[in-house]
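Chemist: build me a model:
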Amino acid sequence: MEKILIYQVLTRLFGNRKPSHVENGTIAENGCGKMNQFTSTELKRIVGMGFSHIWYTGVIRHATQTDYSAFGIPRNHPAIVKGKAGSPYAITDYYDVDPDLAVNVDKRMEEFESLVERTHQAGLKVIIDFVPNHVARQYRSLHKPRRVKDLGEGDCVTDGFNPQNNFYYCPGQPFVPYFDLYHGEKEPYQEFPAKATGNDHFDNAPGMNDWYETVKLNYGVDYYAGRVGHFDPIPNTWLKMTDILLFWAKKGIDAFRCDMAEMVPAEFWAYATTIVKKKFKHIQFIGEVYNPNEYRRYIASGFDYLYDKVGMYDTMRAVTCHQMPASSISQAWQQTDDIRNHMLYFLENHDEQRIGSDFFAGNGKKGVPALIASVLMQQNPFMLYFGEEYGERGMDQEGFSGKDGRTTIFDYWSVDTLCRATAKTLTDEEKQLFDLHKKLLNMARKEKAVSDGSFFDLMYVNGHLHRQYVFLRRAGDELLLVVVNFEDAPVTVDVHLPAHAFDYLHIPEKNVTATDLLSKQKCKMMLQKDGVVTLSVDGRSGNVWKIKA
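Modeler: Numbers count the residues shown, from 1 in each chain. The predicted structure follows:
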């Protein structure tokens, strides 16, 4: 079995090396990355870092303030677009590719198809977003197949809820949100009747913190009557959204990352995943589900993997920031132990703050212990966000996205560390951090004890460790003893090895020479039931001791 390691890239930003950083800048001022910048050489470099999959975030056409009307693409009213570039999660045509990403706008779908082919030739699998819960307020598909009716076409707009409608409506009420509907335009944005907003806001006046640029899709759930489901006959939205999944599956992609999957009923997912997987057996579904009480229901509905956000991510962040003891990591994995192979671990993504930001740890190196533990603990997938490998700080004030410790998804921008990596002007610390990521990810792919081995948490007999986390992995005659240190300073720790670990993992008692796979240091150890191994670990670091046992 191969461990899945995902590299998430915001496609619009990844290849952009234009140094100008104009706040609220246009595409002409700040530039934009293109699909063709993922050359065969670049993709092979990503493979060389250890990744098995790449998630091209923001491929499907979404609302933007950039005017593409010369190419027959309707212009979006800027009042309902967040940022100059727009959110990649406010889709305007499920059957089209974002024109920002194309060198030749008229050939944008062909450029995407070439990207998929190049990616596969390089040895990577392709993930794209599927955004099922909401669309842009001015959604209109120009490229849907002839047989397909557009979303909202045929809706009864006098019904607030109708199980066969694609949207929810506020009958007889215009859209009147908190903001200026002109936004510098001669004509205001008009919507009548108002549609419900994407974050389950069902009146005609969303606020500043609502997803006001989007409208909620109707999967047959009557929110007005207390979330009553009307699933027989099959709601029209189910049919249309399943067709969209099949359209992209035919393009050769390998997995869908499904945005806000838990805001869409599990019954739909059971229906759609069954149909898609019957025709495309290799396709996998990754769900953004934040409610742990819903995890098992969504896995049963066809999801292969779910974000472990409210659990492992939150715990790793708190341990990294010394807000929780390292033993909390044990409690986090135990909550999902029965579904552990379905949980996707990560330390950054487009929604979360950068480890190196002032809002998180202040320095990317401080995330190293959490990285080592997250990647090596289990057999389940791990995802890394582009720039994380260099310690990208995300402390820019780009425009719509203020200085919040995140890399913007709304603005035209370039990512500092990626630009400096290309210019070969990274700091020594950034280079070292990259090298560590590369070593660790390749280790996770190549070491059988990680991809296939058993896991044994040692924390229950090492209660004296508060800022260190220790565990074992074992496959065949290879044993890994992993020790990570969340302290800023070096420490020397006594690691207790319980007899149960020897019995469970079939470890022989003997003297051994261990090699740290990260530093290549060697160390003599006595493996003995209920024995102690004394080890030194650098601050904000870790060791992966490999032992022939």
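
Chemist: now the end-to-end length of stretch 438-457.
Modeler: Stretch 438-457 has an end-to-end distance of 25 Å (criterion: Cα to Cα, to the nearest Å).

Chemist: quick check: buried residues in that stretch?
Modeler: Neighbour-count burial for stretch 438-457, with 16 or more other Cβ atoms under 10 Å as criterion, is recorded at 439-445, 447, 449-451, 453, 455-457. For the C-beta atoms, the positions are set from N, CA and C on the backbone; glycine is no exception.

Chemist: give me the contacts around that stretch.
Modeler: Contacts of stretch 438-457 with the rest of the structure, by Cβ atoms under 8 Å, 6 or more residues apart in numbering, involve 1-3, 5, 48-52, 330, 333, 371-372, 375-379, 382, 384, 389, 471-476, 478-480, 501, 504-505, 517-518, 544, 546.

Chemist: of these, grab the buried ones for ChimeraX.
Modeler: This is the ChimeraX syntax for the buried subset of the contacts of stretch 438-457, where burial follows 16+ other Cβ under 10 Å:
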select :3,5,49,50,51,52,330,333,371,372,375,376,377,378,379,382,384,389,471,472,473,474,475,478,479,480,501,505,517,518,544,546
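
Chemist: the contacts of stretch 438-457 in helices, which ones?
Modeler: Restricting the contacts of stretch 438-457 to those inside helices, with DSSP state H as the criterion, leaves 48, 330, 333, 371-372, 375-376, 501, 504-505.

Chemist: same list (those residues) but as TSV, adding pLDDT.
Modeler: Conversion of those to TSV gives the following (pLDDT from 0 to 100):
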residue	pLDDT
Gly48	98
Ser330	98
Trp333	98
Leu371	98
Ile372	98
Val375	98
Leu376	98
Ala501	98
Tyr504	97
Leu505	97
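
Chemist: most widely separated two among those residues?
Modeler: Spanning the widest gap among the ones in helices among the contacts of stretch 438-457 are Gly48 and Tyr504, at 35.6 Å by Cβ to Cβ.

Chemist: returning to that earlier point: could I get the ones in helices among the contacts of stretch 438-457 as a markdown table with distance to Asp416?
Modeler: Conversion of these to a markdown table gives the following (distance: Cβ to Cβ, whole Å):
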| residue | distance to Asp416 |
| --- | --- |
| Gly48 | 23 |
| Ser330 | 36 |
| Trp333 | 34 |
| Leu371 | 20 |
| Ile372 | 25 |
| Val375 | 25 |
| Leu376 | 29 |
| Ala501 | 44 |
| Tyr504 | 46 |
| Leu505 | 44 |
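
Chemist: out of these, the closest to Asn165 would be?
Modeler: Sorting the ones in helices among the contacts of stretch 438-457 by how near they are to Asn165, with Cβ to Cβ, puts Trp333 at the top with 42.4 Å.

Chemist: what's the distance between the closest one and Gln432?
Modeler: The span separating Trp333 from Gln432 equals 28 Å under the rule Cβ to Cβ, to the nearest Å.

Chemist: next: Pro325.
Modeler: Per Cβ to Cβ, Pro325 is found 28 Å from Gln432.

Chemist: more neighbours, these two?
Modeler: More neighbours surround Pro325 than the other of Pro325 and Gln432, with 19 against 14 (other Cβ atoms under 10 Å).

Chemist: check contacts around the residue nearest to that one when sequence neighbours are not counted.
Modeler: Counting by Cβ to Cβ, 6 or more residues apart in numbering, the nearest residue to Pro325 once its immediate chain neighbours are dropped is His466, at 4.7 Å. His466 sits next to 325-327 when contact means Cβ under 8 Å, 6+ apart.
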